[in-house]
Each structure stands twice: as structure tokens, then as C-alpha cells.
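S.K.: got a predicted model here, sequence first, then my questions.
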Amino acid sequence: MFGEERTRTLLGPADPARHSTIAPPRLSAHDLIVRAEAVAEPAAHHRHARPTRRLVLTAGALTAAVGAAAIVQTFGPSTPDTSGIAGPPGADPGVVLVPVAYGAGTRDAGSELRGLAGRLVDAEYDHRTGRYMYHHTKTWGDPVMTSADGRHHVAFADETKVWQAADGTGKQITTQLEPQYPDQESREYWQRNLKPKAPATPAPDDMPLPAEDLAPLPSGRAQLADLLGVRYGAGAVSKKVSTVYGRYVVPRQTRAEILRVLAEVPGFRWRGQVTDRAGRKGVAITYDDREHNAQSLLIFDPNTGELLAHERLTLSPLRISAYQVILGTAWTDRLD
Amino acid sequence: MGPPGKRDEDWFTRVYAADYPHVVRYGQRRLADLDAATELAQEVFVVAWRRRREVPDRSLPWLYGVARRLLANEWRARRAAPDVLPMTDAGLLREPGSSGADATVGVADLHAALATLADLDQEILRLVGWEELTVSEAAQVLGCTRTTAAVRLHRARRRLTEAMSYRAVPPAQQPVLASPRKVM
């Protein structure tokens, strides 16, 4: 029927896999399940087992499957008054980053973002004032060091605290934390090839910020759309939203407008509730940039609409390429 | 599609054991690199676990459909600096007749003729000719109706036959594209 047999007779001799013997798979079915669930969480019965606050840094999704050590750490959000995020005491200097997990269900993000924008509540800083905008962030992936063959990657996580006044002056403290890896193979490679550093925690890099023209953050939707680079598409917008939240203390009305701007950008998918790397509950949207094999993920506070985190992943193989977690935002008069 | 309750680890282990070699071969037929084919197969089964409630009892066409989409994404991502060549391109890089087997049965010609066809024509020929799917199953992989797949298969086979006949004509009689040539 339909010439199926004729087609097989015609093409059969040219089948490149005609005589091939396929070796048993390197990964077991269980390994693949662990790998699948490290990046998505389709089964509801797994949810109750999740820690409520966590930073999941495992020694690789695959090695976790065979019982390798997994490290679960929590970084609490902080403000200028609770300045101490300590570096991870005794952390394994070879952690592998697992992408933030979200459910398998997905839909266009527009209506959800508009709904969220309509029910925002005040953030802690909304009725405060101060000379300085304060931001406390943890970032990874800028830059990433890659081996000569392009296959193995490593970057050091940075913790940064910035106090910046309207004229741009202020102070920035950056502390280099531990190296982190996007996959187990990179970890193994760089642990062999990265020269060991002194065991002591590196001294924070403390520098004054020079004056610069820090343009005020617009509040109108059209100006925000322009600032966020809507014309360049959802990938560029994701990055810009991250930059804006890492630089400004964004008032509630502007947070709502940013969500409405995002609602109109084609391509964002709603991912529902997630837990960010600081262990905070948030709601996430993603944008898959198939042309560049990349995914952008934004996590918002489900009540205040503040941006909690921005992450960028490669889609195939699925692995993280950069993240920023915004741990604290405030107005303050003190540089400490 | 089976009931969701059956989509547990035991089910997945059985499907993986039964279908993994077929999915690797699917990749092997379309990629120049066996390692890339095994990597593709693993990605396919990661997706299969995540979407296990959608996987029909006859899982292989569904798995091929996932592989096809992953491959398309991967290929687009690597166009700038491809270290994995689609088999059609890899085949063109080889000297026809360099393999004894190819020279005797005209396999190189068949590969070369296949490479001249549009992607969809190539794919339905491979799905039916190499993966040995029925037209209905190939339609599932390609996301079209059975009737459409049947028409595509018919046309693709005709075009393949024409392309092979064309290649059988001595080179001197084939039209030559005018192209600048370096003066030695």
C-alpha cells in the first residue's frame, strides 16, 4: 500500500545504519529520569519533597543519580541592615549548576503577566526614601572561561553590593565566590586543569563609584518599552529587565507597567510557580530563542512583582550559561 | 495512549530498552557522527520521560518525531560552525566510488540523488525506506495527515527516481553552471 515496500527496496541498500550494531546506552533509564527531572518537574507528587528555600547546587544531575554528593544551600535575601550573606562555608568548590525547575505545562504569558500587574502589593522599600539605591546580587557566568576545545566551561560566582546615589556616586563591594560549572564534564575537566587558589576567602573588592549621569527610570509604558528594547525581541528584553532591576529601585507602579510591557512581547511563556536559587517562591516566564539555542528565564515575586532572578540557558544541551539573583533592594542613607 | 498510571519507571525502562537502538539509528542515518546520534537519542528519551503521559503505546513514531524536532533545533544552532554534519552533506564530501560497496551497487549515487531532494521529501523516504514506518506512522512523525504523507511519499519517490536517472547521464551532457574559475 502506498508503495511502502517499493520505497524500502529502493532505499534499503543505501541505509547507513543497515549493518550497524548499537552499543548499550551509556546512561540507564533511571539516569535519564533523574536528568529529566533536574530541569523539569512534571509530576505533582515530587513537589512536596522540595525544600521551601534552597539553592540547589548539585555535583551534577547525573552523578546525583548514582549517589554523588549533592549540596543544598540557602542564601537568605538581605538588606543593608542584614548585611551578612556569608559565602558558602565549606562549600564544595566544584558545584554543578542545575537549571531552575518548572512544570511541564506552558501557555502564553500575556494574560498571566497582566493579571499579576493588576494585583501587585507594595514592596518593603516602596514607602522608604534614601540617598542611595542599594542592590545586593549574586551573579554567575559573566564571563565564562572555556577550554581550548570549547567543551568545558567554568565561572566564578560573584556577590556584589552596590550603593549608588542619583548622581552615580557610591560604593561597590564585589566578593568572588566559588567556581561553578554548567555540567559534570566541565567540573571534572576544570578540577584537573584549574590552578588551585589560596584556600582563604578572597578579599572583597571595595571600590568607590565615580559620578555618572544615571538617567531616571521612566514610568510610562511607552518609554519603558523603549528602554527595555522591545523592538529587539524577548531575549533582549529579558536581559534589559534584569539590568534595570539590578540598577534601580523600581516603584510599584513601574513594576506593574514593566509586567504589562512584557505581556505584549511575543514569545514569553508562563511557567508558573518556581523556586529561585535563593530559595524564594516566585513565578517564572521563559523565552526560547531557538535561533541562538538559548532560553531566557525571569522570576518575579508573586506579590510585589519585583524581579528575583534572571537566568540564561542553552537549550541543547540544556545547561545554564548565566544567572543573576537579586537578593536585596532598598533605599538607604548609609554606605554599609 | 495508555492510562497515565502506567507511565512509571518500569514502563520507561521497557520503552528505553526496546526503542533506544532504533532512535540511535535514526540519528545515525541523519548525522555523520555516531556520538552525536547517541547524544540525540538520550535527549529524545529525556523528553519522553518529561512528556510520558503523551507517549502513545506504539511509541517509536512519537520518539522519531521528537528526534526530528531536536535535530532541527540542533542543526539550526550549529549552522555557524557545524561539527556535526547532516548525513546528506557528509555524503557529498565523500568521493563517489571510494568505497568498494558503494561503487558496485550505486549507493553513492542514491545518496547523492537523495541529497538533491527537499528536506520533507528526503525525510519521508527515510522514514518509510529506512525506519520502515508505515505511511500513517510517517504522517505522525511529520505532523501531517495520512493522505498528505501518502502523496508526499509518491512524489518523493518519483523525484528520487528522476534524480537518479539524471545522475546516470554522462557528465558531459549535463548542463554546467557558469562559475568563475581561478586561472592557473
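M.R.: In hand now; what should we look at?
S.K.: A:E257 sits in which helix or strand?
M.R.: Using DSSP states H and E, the element containing A:E257 is helix A:252-263.
S.K.: cool, A:F156 as well?
M.R.: Counting by DSSP H and E, A:F156 is found in strand A:153-165.
S.K.: on contacts alone, who are the packing partners of that strand?
M.R.: Applying 3 or more Cβ pairs under 8 Å, 6 or more residues apart in numbering or on different chains; DSSP states H and E, we find strand A:153-165 packed against strand A:132-140, strand A:145-146, strand A:170-181, helix A:184-193, strand A:205-209. Where C-beta positions appear, they are placed from N, C-alpha and C, glycine not excepted.
S.K.: of the ones you listed, which is nearest chain B?
M.R.: Nearest to chain B among those is helix A:184-193 (12.0 Å), distances taken as Cβ to the nearest Cβ.
S.K.: do that closest one and chain B meet?
M.R.: No. Using Cβ under 8 Å from any Cβ of the partner chain, helix A:184-193 stays clear of chain B, coming no nearer than 12.0 Å.
S.K.: what angle sits between that helix and strand A:153-165?
M.R.: Calculated by axes from the mean of the first three to the mean of the last three Cα atoms, to 10 degrees, helix A:184-193 forms an angle of 90 degrees with strand A:153-165.
S.K.: tell me what helix A:184-193 is packed against?
M.R.: Looks like helix A:184-193 contacts helix A:61-65, strand A:95-97, strand A:153-165, strand A:170-181 (3+ Cβ pairs under 8 Å, 6+ apart).
S.K.: just put those in a markdown table and tack on mean neighbour count.
M.R.: As requested, the helices and strands packed on helix A:184-193 are exported to a markdown table (neighbours: other Cβ atoms under 10 Å in any protein chain shown):
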| stretch | mean neighbour count |
| --- | --- |
| helix A:61-65 | 20 |
| strand A:95-97 | 26 |
| strand A:153-165 | 20 |
| strand A:170-181 | 19 |
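S.K.: need the ones you listed in a markdown table (columns: distance to A:R18 and mean pLDDT).
M.R.: Converted to a markdown table, the helices and strands packed on helix A:184-193 look like this (distance: least, Cβ to Cβ, whole Å; pLDDT from 0 to 100):
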| stretch | distance to A:R18 | mean pLDDT |
| --- | --- | --- |
| helix A:61-65 | 32 | 29 |
| strand A:95-97 | 39 | 87 |
| strand A:153-165 | 38 | 90 |
| strand A:170-181 | 40 | 86 |
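S.K.: can I get the ones you listed in a markdown table with distance to B:A108?
M.R.: As requested, these are exported to a markdown table (distance: least, Cβ to Cβ, whole Å):
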| stretch | distance to B:A108 |
| --- | --- |
| helix A:61-65 | 40 |
| strand A:95-97 | 45 |
| strand A:153-165 | 40 |
| strand A:170-181 | 44 |
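S.K.: quick one: which of the ones you listed is nearest A:L297?
M.R.: Of all the helices and strands packed on helix A:184-193, strand A:95-97 sits nearest to A:L297, with 12.8 Å by Cβ to Cβ.
S.K.: in the helix or strand harbouring A:V241, which residues are buried?
M.R.: Using DSSP H and E, A:V241 falls within helix A:234-247. Within helix A:234-247, the residues that qualify as buried are A:234-242, A:244-246, counting by 16 or more other Cβ atoms under 10 Å in any protein chain shown.
S.K.: what does stretch A:134-144 give?
M.R.: A:134-141.
S.K.: give me the neighbour count for B:A17.
M.R.: By other Cβ atoms under 10 Å in any protein chain shown, the residues close to B:A17 number 13.
S.K.: could you find the closest non-adjacent residue to it?
M.R.: In space, and not counting its chain neighbours, B:A17 is closest to A:A29: 7.5 Å by Cβ to Cβ, 6 or more residues apart in numbering or on different chains.
S.K.: nice, that's everything, thank you.
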